[in-house]
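> coords below, sequence missing:
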């Protein structure tokens, strides 16, 4: 799964399930950048697999096609001639993912981490 999160400061970030679930990657990102992150404007998901090459945790929306072009390539290789196309991926809203992302950002800003949420994807009642 690929999660696309657009912030109100014209930043779009991409996260996905790689060696860790997207929730954990997003939590780390929020902790690293919580003082400069804007508010979340839009969250959407795509059922395609995250980039499975090189241990990528996250990247900007602007850089995502480049990462797809390099998927499966060594540094000295040409771009993948059969790269997946970001423009062809179908993204849609998912309320559970949206609530999870909003909660992760709020928790990071408040100095909290809910390990149940991150590791198992469990949302506390009432959120």
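Now that the structure is in, tell me what you want to look at. Note that the structure is predicted; figures quoted are calculated from it, not measured. Numbers count the residues shown, from 1 in each chain.
> how close does the residue nearest to residue 4 when sequence neighbours are not counted sit to residue 15?
Nearest non-adjacent residue to residue 4, counting by CB to CB, 6 or more residues apart in numbering: residue 44, 5.0 Å away. C-beta coordinates here come from the backbone N, C-alpha and C atoms, glycine included. According to CB to CB, to the nearest Å, residue 44 and residue 15 sit 12 Å apart.
> overlap in contacts, the two.
Residues touching both residue 44 and residue 15 (CB atoms under 8 Å, 6 or more residues apart in numbering) are residue 3.
> wait, what's in contact with the residue nearest to residue 4?
For residue 44, the contacting residues are 3-4, 91-94, by CB under 8 Å, 6+ apart.
> likewise residue 105?
By CB under 8 Å, 6+ apart, the contact list for residue 105 reads 30, 34, 37, 40.
> in PyMOL, how would I select just the buried ones from the residues you listed?
Filtering the contacts of residue 105 down to the buried ones (16 or more other CB atoms under 10 Å) takes a single PyMOL command:
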select buried, resi 30+37+40
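> the contacts of residue 105 in helices, which ones?
residue 30 (DSSP state H).
> can you put the contacts of residue 105 in TSV and add pLDDT and distance to residue 57?
Shown next, in TSV, are the contacts of residue 105 (pLDDT from 0 to 100; distance: CB to CB, whole Å):
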residue	pLDDT	distance to residue 57
30	94	12
34	90	16
37	92	16
40	97	18
